[in-house]
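**Q** I would like the atomic coordinates for the input below:
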Amino acid sequence: MADIPEPITRTEMYYYYLATGSGTLPEPVTRQDKYLYYLCVNGGIGGGGDTEDTEAKAGTAIVGTATVG
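**A** Numbers count the residues shown, from 1 in each chain. Sure thing, here's the model as predicted:
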């Protein structure tokens, strides 16, 4: 992992947690804090998810109200 400096500001504390998975999360105060806190508590951002479910649906396309595939 890259050399990540210790956080100084509240926002940096959220970023640090997202980058490392460790650290202390401050209670959110601003709207920006609330979004960042949500990302930290709920596993960050990005895809991934349940790949088995995605593979099972790979051959199905939904067109209007009809299911084809």
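
**Q** which residues sit in contact with Thr11?
**A** Counting by Cβ atoms under 8 Å, 6 or more residues apart in numbering, Thr11 makes contact with 32-33, 36. All C-beta atoms are positioned from the backbone trio N, CA, C, and that covers glycine.

**Q** quick check, nearest of the residues you listed to Tyr15?
**A** Closest approach between the contacts of Thr11 and Tyr15, by Cβ to Cβ: Leu36, at 7.6 Å.

**Q** which residues touch that closest one?
**A** 11, 14-15, 18, 28.

**Q** quick check: it is in a helix.
**A** Yes. Under DSSP: H, G, I helix; E, B strand; the rest coil, Leu36 falls within a helix.

**Q** which SSE is Val29 in?
**A** In the assignment (DSSP states H and E), Val29 maps to no helix and no strand.
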